[in-house]
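Chemist: Below is the structure, and that's it, no one-letter string:
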């Protein structure tokens, strides 16, 4: 159930199910029942106000009101507008025999629980005026049907006004807006309910967005006869005076299983500092030309600790031109400010929001579309880092990562992420899967560490996380990273 459906795709799923013989009224009844059950499991009976819109979301609201009333709850319903005659929502409205009250801020303020069945995920216009006033007046917990009204289900953006919910119940598959901020922060607890829609409708929709998790990738497992060269050789370019970034990259790449790692030092002084670090890391002063002449060094990380100048830009182009897999971060991204084509051919780009904006322009409200466009233009997998990291492949696949804790908001964690990605690339994982796995494992390690995390902690927690993932058979594969759905 990793697929994410936009509101338009969800409408197509509903239509396909109805065409296959499942009545729309049955789906609406099931949706309302799922919400009513979720409410009764989490709240005691209180004076409840169901706010119903004129569409299918409002139709769900009439079902919820009826089922709560049958369970003995004191329920009233307030309609923003009546459903269109002849629709499933109108049929459900006709079955409601309980009290109908004014759609007013006063009624919302008096309720002990408010059910928001006004607009849902398929928002066609901003929430403002009376709808915004009534939703805003609620002081009791709010239960949202499908999505808090005002949150765009496709982007997570707030259109007009949105009232934060304590609980959101959605159906069949999550929407991107459930995972993307600010919408994610307004949903409260999210319950995904089965309402009888068959998974058989998905191939006809062919969704391209997914929730990141082990179902999207398999980790590489060394075979019994593997050796260090078979597990890949990573080169990390170190900058003068900022050796810490390169060392963080190196530690993460090695912990992820890269067989060999070389730090490329720009001068003798930097090399001396690097050689005083981990003994398992090789340090070279030979220059980029010499390392690029060795075809066994197939994966490069360029940017952490490097200045955003022409030399960094030229080095990236040189490595890409030599056919190497390049993870570009930090200085390499800033060196391409205003010129996305300078990054063309890299395997993976790992910008935070500021770096992305410098290269590609502000992403705007539809960040999925912006990251997809960046990936398509550069031919690279683009990983837009944040609390809701978006990972896009050039052909349009997108994953949203939702397991990153706030402890990751500290210096150096992005360097660690670049190193994890490089370590997986070196072992044969395709770029999209490597970036997705790296982001998920990065978040899992940070969650395990908890408050007080510093970037140096993350790599040390990777072995135990990898061991747990591999022993559970979830997210593992045959050697060299062959991919597919997990068993």
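Modeler: Perfect, thanks for sending it. Just so it is clear, the structure is predicted and the values come from calculations on it, not from any experiment.
Chemist: For stretch 137-148, what does the pLDDT average out to?
Modeler: In this model, stretch 137-148 has a mean pLDDT of 98.
Chemist: Could you pull up the contacting residues of residue 355?
Modeler: Applying C-beta atoms under 8 Å, 6 or more residues apart in numbering, one finds that residue 355 lies in contact with 330, 333-334. The C-beta positions use only the backbone N, C-alpha and C, and glycine is treated the same way.
Chemist: try residue 116
Modeler: Applying C-beta under 8 Å, 6+ apart to residue 116 gives the contacts 51, 135, 142-145, 148-149, 163, 165.
Chemist: re earlier: any idea which of the contacts of residue 355 is the one closest to residue 416?
Modeler: Taking C-beta to C-beta as the measure, residue 416 lies nearest residue 330 of the contacts of residue 355, at 12.3 Å.
Chemist: Tell me who's in contact with that closest one.
Modeler: 245, 303-306, 355, 414-415.
Chemist: so which of those residues is the most crowded?
Modeler: Counting neighbours by other C-beta atoms under 10 Å, the top entry in the contacts of residue 330 is residue 303, with 36 neighbours.
Chemist: name the element residue 192 belongs to?
Modeler: In this structure, residue 192 sits in strand 189-193 according to DSSP states H and E.
Chemist: what does that strand contact?
Modeler: 1, 31, 34-35, 38, 42, 166-174, 178.
Chemist: Of the residues you listed, just say which sits nearest to residue 59.
Modeler: Taking C-beta to C-beta as the measure, residue 59 lies nearest residue 31 of these, at 8.5 Å.
Chemist: tell me the contacts of that closest one?
Modeler: Per C-beta under 8 Å, 6+ apart, neighbours of residue 31: 60, 63, 145, 171, 193, 195.
Chemist: So what's the gap between the host helix or strand of it and the chain middle?
Modeler: Using DSSP H and E, residue 31 falls within helix 24-42. Using C-alpha atoms, centre = their mean, to the nearest Å, the mean C-alpha position of helix 24-42 is found 27 Å from that of the whole chain.
Chemist: pLDDT weak spots in the stretch 201-350 of the chain?
Modeler: For the stretch 201-350 of the chain, no stretch has pLDDT under 70.
Chemist: what about the helices in it?
Modeler: Assigned by DSSP state H, counting those that start in this stretch, the helices in the stretch 201-350 of the chain fall at 202-205, 243-255, 268-275, 288-292, 310-321, 331-334.
Chemist: Just list what the fourth one packs against, helices and strands only.
Modeler: In this case it means helix 288-292. strand 260-264, helix 310-321 (3 or more C-beta pairs under 8 Å, 6 or more residues apart in numbering; DSSP states H and E).
Chemist: Columns mean neighbour count and distance to residue 393 on top of those, output as CSV?
Modeler: Shown next, in CSV, are those (neighbours: other C-beta atoms under 10 Å; distance: least, C-beta to C-beta, whole Å):
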stretch, mean neighbour count, distance to residue 393
strand 260-264, 24, 26
helix 310-321, 18, 17
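Chemist: Next, format those as JSON lines and append distance to residue 219.
Modeler: Shown next, in JSON lines, are the helices and strands packed on helix 288-292 (distance: least, C-beta to C-beta, whole Å):
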{"stretch": "strand 260-264", "distance to residue 219": "19"}
{"stretch": "helix 310-321", "distance to residue 219": "25"}
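Chemist: Tell me how many other residues surround residue 418.
Modeler: Neighbours of residue 418 (other C-beta under 10 Å): 30.
Chemist: Hmm, it is touching residue 304, no?
Modeler: Yes: assessed by C-beta atoms under 8 Å, residue 418 is found in contact with residue 304 at 6.2 Å.
Chemist: Please check the contacts of strand 189-193 and keep the buried ones.
Modeler: Among those, those classed as buried by neighbour count (16 or more other C-beta atoms under 10 Å) are 31, 34-35, 38, 166-174, 178.
Chemist: In strands, which of those fall?
Modeler: In strands, judged by DSSP state E, the following of the buried ones among the contacts of strand 189-193 are found: 167-171.
Chemist: Find the nearest non-adjacent residue to the most centrally placed residue in the chain, please.
Modeler: Nearest to the mean C-alpha position of the chain, by C-alpha atoms, centre = their mean, lies residue 400 at 1.6 Å. Nearest non-adjacent residue to residue 400, counting by C-beta to C-beta, 6 or more residues apart in numbering: residue 179, 4.5 Å away.
Chemist: list the contacts for that neighbour?
Modeler: The contact partners of residue 179, by C-beta under 8 Å, 6+ apart, come to 4, 156, 211, 388, 400, 402.
Chemist: With residue 353 instead?
Modeler: By C-beta under 8 Å, 6+ apart, the contact set of residue 353 is 363, 384-386.
Chemist: Sort out for me which of these are in helices.
Modeler: Secondary structure from DSSP state H places none of the contacts of residue 353 in helices.
Chemist: Output those in TSV; the columns should cover neighbour count and distance to residue 56.
Modeler: Shown next, in TSV, are the contacts of residue 353 (neighbours: other C-beta atoms under 10 Å; distance: C-beta to C-beta, whole Å):
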residue	neighbour count	distance to residue 56
363	18	31
384	24	32
385	24	36
386	17	32
